[in-house]
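sharing a sequence plus its predicted fold:
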Amino acid sequence: MTDRTEYDRFVVERSTRLLRFAYLLTGDWAAAEDLLQTALVKVWFAWARVRGDAEAYVRRTIANTYVSWRRRRWTGEIPQTVPDRPDGPDRMTEFVERDALWRMLAELPRRQRAVLVLRYFEDLTEAQVAETLGISVGTVKSQASKGLAKLRTSAALSDRKELVP
C-alpha cells in the first residue's frame, strides 16, 4: 500500500471504528482521539510498508501505543450526564452497572485491559488478539484469565457476576 490517497481513503473509511476501539481501551473520548491520532501519525510514516490487512496493522499500532503510554493519569472529575426523567425502563441501574465495570476495567494493568477489550469488546479470537498485540496465544489466555479473575473478585461487581464473562 504505497499510495497516500489510499491512506487518506483508509482513514476516512475506518476512523470511526478505530476511534471506538481506542475509546474501549482508554475509557475517555478525548484520550481515545489523542491515541488514534498518535497511532495514525505513526502509520502514515510506515504506510509504504503496510502489507495485507491495514486495519489490523493500525489496530496493533493503537494497542501498542496505548500499552506503552506513560502519561500521568488525570484523576479529577469526569462529568456524567443523567437523564432528567425516565423514558422507560430504569436506565440508571444500567448506567451504574456499566460505570462500575468501566471503573474496574480501568484499574487493570494496560496489557490485561488491552487483551480483554480486544477479546470481549472487539470480539477477536485469541489468535487475532495475540497477533494484534505481538504476544503469544498463551499470554493472551493468561492475561485474559487474570483480568477476568480480578474483575470477578472486585467489590464493585461482587453482586453482579453476570457482567463479567
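Cool, the structure landed.

what's the worst-scoring helix or strand of the chain on mean pLDDT packed up against?
Counting by mean pLDDT, DSSP states H and E, the weakest-scoring helix or strand in the chain turns out to be helix 91-107, with a mean of 81. Counting contacts by 3 or more CB pairs under 8 Å, 6 or more residues apart in numbering; DSSP states H and E, helix 91-107 is packed against helix 110-116, helix 137-152. Where you see a C-beta, it was placed from the backbone N, CA and C, and this is true even at glycine.

now do the contacts for residue 142.
By CB atoms under 8 Å, 6 or more residues apart in numbering, the contact list for residue 142 is empty.

ok, it to residue 125 distance?
According to CB to CB, to the nearest Å, residue 142 and residue 125 sit 16 Å apart.

can you give me the buried ones in the least confident helix or strand of the chain?
Residues 100, 101, 104, 105 are the ones in helix 91-107 that count as buried (16 or more other CB atoms under 10 Å).

if we can go back for a sec, what's the most buried one of the helices and strands packed on helix 91-107?
helix 110-116 (a mean of 22; mean count of other CB atoms under 10 Å).

so is residue 21 in a helix, a strand, or just coil?
helix (DSSP: H, G, I helix; E, B strand; the rest coil).

what's it in contact with, if anything?
Listed by CB under 8 Å, 6+ apart, the contact partners of residue 21 are 59, 62, 117, 122.
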